[in-house]
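Participant: Would you be able to build a 3D model of this:
(chains A, B, C and D)
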There are 2 protein chains.
Amino acid sequence: MNDEFQGSLREKVFAQLEEDIISGKYKEGQKLTENMLSEQLKVSRTPVREAIRQLELEGLVEAIPNKAIIVTGITSQDIEDIYEIRISIEGLAARRAAKNATDEILEKLRELVDLQEFYTNRKDMDHLVKLDGDFHETIFKASGSKTLRNILSTFHHNLKKARSDSFGKPARAKAVLEEHKAIFEAIEARDSIRAEHYMLIHVKNARNRVLGK
Amino acid sequence: MNDEFQGSLREKVFAQLEEDIISGKYKEGQKLTENMLSEQLKVSRTPVREAIRQLELEGLVEAIPNKAIIVTGITSQDIEDIYEIRISIEGLAARRAAKNATDEILEKLRELVDLQEFYTNRKDMDHLVKLDGDFHETIFKASGSKTLRNILSTFHHNLKKARSDSFGKPARAKAVLEEHKAIFEAIEARDSIRAEHYMLIHVKNARNRVLGK
DNA sequence: AACTGTATAATTGTATACAATTATACATAT
DNA sequence: ATATGTATAATTGTATACAATTATACAGTT
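Facilitator: Numbering: from 1, shown residues only, chains lettered A, B, ... in the order given. All right, here's what the predicted structure looks like:
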């Protein structure tokens, strides 16, 4: 359990279980019990149950009534599916962001890209994975669509491990930086067509990097 | 509470609250309390809390820690967004379904379309709304993608009221029937391109019917 | 009248006790 | 040996008690 985390136990449990499933600590098909989780995490069953209900809706576990909690996990097929869906809708999010972004959002994006450049030069992969998530999350928020944001944020969570693995080579980190820059500049110029275009290219490249194609 | 429903109290509470929010009984911005809900639904706070956690993830309520539960609801902007996203990805689901559908699935779809024809002639709108949902849900399942199914099923739930309202005129019911037939025939013929094409047309028409364009 | 501090109430957060359901082990019969 | 019935254990489902947090009302001060 992460002790410096501020928030409810339920949030902590949710974050921890999500992490453990996506990272592969809990494998597909594995059976979990509420008692086991509440003992491990040193909390009562109540927050565990609430977290399980959310993971269930997110599709990471399957709770069979009165029987068990089975880990579903993220299969490689799921990863391919997610990229195919992202290719279909993340351009839309970028287009909307270019229309709706406030100056505050633009400032935030600029800062993220600058930091990304800094850490790319330092080859600090952990920070880069986090910044990559923040960059996209900021665009989702700027799109002004609750629905787009919900879906795409969940995708980014679920892809965290896959993205992390693919950040291995510095050459890739540089490519990601250039792609983000192109997207940012299009949004900054309020050019929604170009923003959509470069986002599409970026997601396609990300898919190829992750799937090794 | 629906007494003939088989399942846990949590599922009943979730279904009821989802229905009440989507139907507009609980309006955007309205404040709910766990005590009020548990009294009204004659259950303890435990299943209410679990249902709230799920509604939160679905974006129908916003739970502010230690303060309140605020109804977010489905705005008309959300409906437009959902149709735009459906236009981007539901064709993909149809394409996949055409590739993967088993004989059992095809039989199910045929039955649904036949029933739809029956109720269209009878102008029985309640049954038609339900059949419309079942038809699409069957295709989502047939797509073989957990992710596509999760997203599109949630959309269909959230659009239930909007779809129900738009089924008003019998002429529209007939149009929906013809569109479903075209999709089914393409899937039956394993023609994924055609399935995607007719699904795209269908969703676009559905959007225009719902948004009155 | 406006502001502030404080006691009280209301609400959510968590833990625990108990009920209902399902799994398991084992004895018994065939 | 296999199958079946039954007692027991394990697990989830629900209710309730209590803790922590926030809102509200009101007295007192300026």
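
Participant: Okay, now the unreliable bits of chain A?
Facilitator: A:1-6 (pLDDT under 70).

Participant: burial measure for residue A:188, as a count.
Facilitator: 15 (other C-beta atoms under 10 Å in any protein chain shown). In short, each C-beta sits where N, CA and C put it, glycine included.

Participant: Chain neighbours aside, what residue packs nearest to it?
Facilitator: Of all residues not flanking residue A:188 in the chain, residue A:106 sits nearest, at 5.6 Å (C-beta to C-beta, 6 or more residues apart in numbering or on different chains).

Participant: For the one you found, give its distance to residue A:186.
Facilitator: 12 Å (C-beta to C-beta, to the nearest Å).

Participant: With residue A:96 instead?
Facilitator: 13 Å.

Participant: Between residue A:106 and residue A:186, which is the more surrounded one?
Facilitator: residue A:186 (22 against 17).

Participant: In three-state terms, how would that one be classified?
Facilitator: helix (DSSP: H, G, I helix; E, B strand; the rest coil).

Participant: Now do the contacts for it.
Facilitator: Shown in contact with residue A:186 (C-beta atoms under 8 Å, 6 or more residues apart in numbering or on different chains): A:94, A:98, A:192, A:194-195, A:197-198.

Participant: do stretch A:31-48 and chain B meet?
Facilitator: Yes. Using C-beta under 8 Å from any C-beta of the partner chain, stretch A:31-48 reaches chain B at residue A:46.

Participant: Residues in contact with that stretch: which ones?
Facilitator: A:1, A:8-10, A:12-13, A:16-17, A:26, A:49, A:52, A:61, A:68-71, B:46.

Participant: ok, and which of these reach DNA strand D?
Facilitator: A:49, A:68-69, B:46 (C-beta under 7 Å from any atom of the strand).

Participant: Would you list the buried entries among the residues you listed?
Facilitator: Neighbour-count burial (16 or more other C-beta atoms under 10 Å in any protein chain shown) is assigned, among those, to A:49, A:69, B:46.

Participant: taking those one by one, which sit in helices?
Facilitator: A:49, B:46 (DSSP state H).

Participant: related to what we said a few turns ago, in the ones next to DNA strand D among the contacts of stretch A:31-48, find the pair that's most separated.
Facilitator: Farthest-apart pair in these is A:68 and B:46; separation 19.6 Å (C-beta to C-beta).

Participant: Can you name the residues of chain A sitting close to DNA strand C?
Facilitator: Residues of chain A lying near DNA strand C (C-beta under 7 Å from any atom of the strand): A:8-10, A:43-47, A:65-67.

Participant: Could you export those residues as TSV, including secondary structure and distance to residue A:176?
Facilitator: Output for the residues of chain A next to DNA strand C, formatted as TSV (DSSP: H, G, I helix; E, B strand; the rest coil; distance: C-beta to C-beta, whole Å):
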residue	secondary structure	distance to residue A:176
A:8	coil	34
A:9	helix	35
A:10	helix	34
A:43	coil	37
A:44	coil	42
A:45	helix	42
A:46	helix	41
A:47	helix	36
A:65	coil	43
A:66	coil	46
A:67	coil	43
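
Participant: Mind picking the one among the buried ones among the ones next to DNA strand D among the contacts of stretch A:31-48 that's closest to DNA strand D?
Facilitator: residue B:46 (3.5 Å; C-beta to the nearest atom of the strand).

Participant: Quick check: the closest one vs residue A:47, distance?
Facilitator: Where residue A:47 is concerned, residue B:46 sits at a distance of 12 Å (C-beta to C-beta).

Participant: Residue A:81 too?
Facilitator: Residue A:81 is 31 Å from residue A:47, by C-beta to C-beta.

Participant: Residue A:203 too?
Facilitator: With C-beta to C-beta as the criterion, residue A:203 and residue A:47 are 35 Å apart.

Participant: for residue A:211, what are its contacts?
Facilitator: Contacts of residue A:211 (C-beta under 8 Å, 6+ apart): A:79-80, A:83.

Participant: Contact residues of chain A facing DNA strand D?
Facilitator: A:32-35, A:45-46, A:49, A:63, A:65-69.

Participant: still on that earlier bit, the contacts of stretch A:31-48 in strands, which ones?
Facilitator: Those of these mapping onto strands are A:61, A:68-71, per DSSP state E.

Participant: host element of residue A:54?
Facilitator: Residue A:54 is part of helix A:45-58 when elements are defined by DSSP states H and E.

Participant: Which residues in that helix does the neighbour count mark as buried?
Facilitator: Here helix A:45-58 shows A:46-58 as buried, counting by 16+ other C-beta under 10 Å.

Participant: now do stretch A:86-100
Facilitator: Buried, per 16+ other C-beta under 10 Å, within stretch A:86-100: A:86-98, A:100.

Participant: quick one: which of the residues you listed is nearest residue A:159?
Facilitator: residue A:86 (8.6 Å).

Participant: Relative to DNA strand D, how far out is the closest one?
Facilitator: Per C-beta to the nearest atom of the strand, to the nearest Å, residue A:86 is found 33 Å from DNA strand D.

Participant: how about that residue, what does it touch?
Facilitator: Residue A:86 neighbours (C-beta under 8 Å, 6+ apart): A:152, A:155, A:203, A:207.

Participant: Looking at those residues, which are in strands?
Facilitator: Checked against DSSP E, the contacts of residue A:86 include nothing in strands.
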